[in-house]
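Asks: model this:
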Amino acid sequence: MSLLDINDLSIQYRTQEGPINAVRNVSFSIGENETFGLVGESGCGKSTIAKGILRILPPNGEITNGSVDLNLSNRTVDLATTDMKTLREIRWDEVSMIAQSAMNALDPVYTIGEQIVEAIQIHEDTSTKEARERTRELFEMVGLDPERIDSYPHQLSGGMRQRAMIAMALALEPSLILADEPTTALDVITQDHILEEINELKERLGSSMLIITHDISVVAETCDRVGVMYGGELVEVGPIEEVFVNPEHPYTLGLLNAFPTIEGEERELITMSGSPPDLSDPPTGCNFYDRCPYREPRCAETDPALSTRDDGDGNWKAACFVSEDGEDIEATYERTLENQELWQRL
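Replies: Predicted coordinates for the structure are as follows:
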């Protein structure tokens, strides 16, 4: 049974220039004890989905369609439509979030300990002494000196603040943790330590996790399944070993080819020219049409739906007419590049 089921989720931002369709008809699920990754370039809708799950969108943002079903042991709650009282009970207790920027997410006028203690006491009837002791244990768990619970956010380094955010997210042992760019702006050594700690803590607590990032190496290291976002839509979803080894959508292939590796043969990186679509006026057909070396006339007329690929369980899907017809897009990649100059070698 899945813990979270997102079905046909659409989210829109109202602006003076008109509405922005930031997320369009996105569907995926996260199983119990599973880590699911959402990957894609900036502005594709990843963080908007996380904020939509917890209903913490900015004032000009709203869910316009779809459901976000959280399947708890005794009930199912649609987070997209449930009342605020129920939502407040679920936030942090059942679903918590590691924010993208720890410095901005933490309140600068309260100590780290005060903020975690407050989160605990809002949901549990416990004394301040007991809550502080639990906070000290959480700090030890994430590799922080327990004495730093009385430090203010500005007194901690970037890596320490990120660990403090992880400690806060784990305070009530939630069923689902949303990690929005958990390693952004950290050096590679600290990134590796943070990811290792996230994996260990997830296994220890038995929680599920949604990791949002533009870095496919983070997804490859931490996730069981991955969803690839482009222009507000989910264009491919499936097990890591299927999607990253034999991608079925040209955008997924483009992301992989643009990422350097220290293994295998030395090769040139390939970049995708052009820009993502204007989400205030999305194209009628495929969002990726203008940048795709496999594009056909039908792609400009109709937006392909996610269709099942053969992984044996029906969990691997992609939104591409060409690969749906059976063409191995990775095998024909070099020939396609020679015929169309849409993607350029660096």
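Asks: I'd say L176 and S207 touch.
Replies: Yes - in this structure L176 lies within contact range of S207 using CB atoms under 8 Å: 6.7 Å. Where you see a C-beta, it was placed from the backbone N, CA and C, and this is true even at glycine.
Asks: give the full set of residues in contact with I329.
Replies: For I329, the contacting residues are 247-250, 253, 294, 320, 322-323, 336, by CB atoms under 8 Å, 6 or more residues apart in numbering.
Asks: what's the closest non-adjacent residue to it?
Replies: S323 (5.3 Å; CB to CB, 6 or more residues apart in numbering).
Asks: which pair in the contacts of I329 spans the largest distance?
Replies: E248 and T336 (14.8 Å; CB to CB).
Asks: more crowded one of those two?
Replies: Using other CB atoms under 10 Å, the more surrounded residue of E248 and T336 is E248, with 27 against 17.
Asks: now do the contacts for that one.
Replies: 236, 309, 316, 318, 320, 323, 329.
Asks: distance-wise, check it relative to K202.
Replies: 28 Å (CB to CB, to the nearest Å).
Asks: mind checking the pLDDT average for stretch 34-51?
Replies: Stretch 34-51 shows a mean pLDDT of 93.
Asks: list every C-alpha atom in that stretch, with coordinates, as CSV.
Replies: What follows is stretch 34-51, C-alpha atoms only, in CSV (Å, rounded to 0.1, in the frame of the first residue of the first chain):
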residue,chain,number,x,y,z
GLU,A,34,10.3,4.3,0.1
THR,A,35,12.5,7.3,-1.0
PHE,A,36,11.1,9.0,-4.1
GLY,A,37,13.1,11.6,-6.0
LEU,A,38,11.8,14.5,-8.1
VAL,A,39,14.4,15.9,-10.4
GLY,A,40,14.4,18.6,-13.1
GLU,A,41,15.8,22.1,-13.8
SER,A,42,14.9,25.2,-11.9
GLY,A,43,11.3,26.4,-12.3
CYS,A,44,9.9,23.0,-13.4
GLY,A,45,7.5,22.8,-10.4
LYS,A,46,9.3,20.5,-8.0
SER,A,47,9.2,22.8,-4.9
THR,A,48,5.7,23.9,-5.8
ILE,A,49,4.5,20.3,-5.4
ALA,A,50,6.2,20.0,-2.0
LYS,A,51,4.5,23.2,-0.8
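Asks: so the most centrally placed residue in the chain is in which element?
Replies: The chain has I212 as the residue nearest its centroid, 2.3 Å off, counting by CA atoms, centre = their mean. Here I212, judged by DSSP states H and E, is contained in strand 208-213.
Asks: mean confidence score for the longest helix along the chain?
Replies: Taking DSSP state H as the criterion, the chain has its longest helix at helix 188-205. The average of the pLDDT scores along helix 188-205 is 77.
Asks: buried stuff in that helix?
Replies: By neighbour count with 16 or more other CB atoms under 10 Å, helix 188-205 contains the buried residues 190-191, 193-195, 197-198, 201-202, 205.
Asks: doesn't N25 belong to a helix?
Replies: No - the assignment for N25 by DSSP: H, G, I helix; E, B strand; the rest coil gives strand, which leaves it out of any helix.
Asks: which one is it nearest to, not counting chain neighbours?
Replies: The shortest distance from N25 to any non-neighbouring residue, by CB to CB, 6+ apart, is to D8 (5.0 Å).
Asks: next, the angle strand 208-213 makes with the helix or strand that that neighbour is a member of.
Replies: Element membership for D8, per DSSP H and E: strand 2-15. Between the axis of strand 2-15 and that of strand 208-213 there is an angle of 40 degrees, by axes from the mean of the first three to the mean of the last three CA atoms, to 10 degrees.
Asks: and stretch 247-255, how far from the chain's centre?
Replies: 18 Å (CA atoms, centre = their mean, to the nearest Å).
Asks: per-residue confidence averaged over that stretch?
Replies: pLDDT averaged over stretch 247-255 gives 91.
Asks: kindly report the same for stretch 138-151.
Replies: If you average the pLDDT over stretch 138-151, you get 90.
Asks: quick one: end-to-end length of that stretch, please.
Replies: Chord length of stretch 138-151, first to last residue, is 15 Å (CA to CA, to the nearest Å).
Asks: next one: stretch 80-91
Replies: Stretch 80-91 end-to-end distance (CA to CA) = 13 Å.
Asks: next one: stretch 313-321
Replies: By CA to CA, one end of stretch 313-321 lies 21 Å from the other end.
Asks: which positions in it come out as buried?
Replies: Neighbour-count burial for stretch 313-321, counted by 16+ other CB under 10 Å, picks out 315-321.
Asks: in helices only, show me those residues.
Replies: Per DSSP H, the buried residues of stretch 313-321 map to helices at F321.
Asks: among the buried residues of stretch 313-321, name the ones in strands.
Replies: 317-318 (DSSP state E).
Asks: can you tell me which of the buried residues of stretch 313-321 is closest to D278?
Replies: Within the buried residues of stretch 313-321, the smallest distance to D278 is 19.0 Å, found for A319 (CB to CB).
Asks: does that closest one touch L234 like I think?
Replies: Yes - with contact defined as CB under 8 Å, A319 reaches L234; the gap is 7.4 Å.
Asks: what is in contact with these two at once?
Replies: The contact sets of A319 and L234 overlap at L306 (CB under 8 Å, 6+ apart).
Asks: need the strands for the protein, in chain order.
Replies: Counting by DSSP E, the strands of the chain are 2-15, 18-31, 35-39, 61-71, 76-78, 95-98, 176-180, 208-213, 225-230, 233-239, 270-272, 307-308, 317-318, 343-345.
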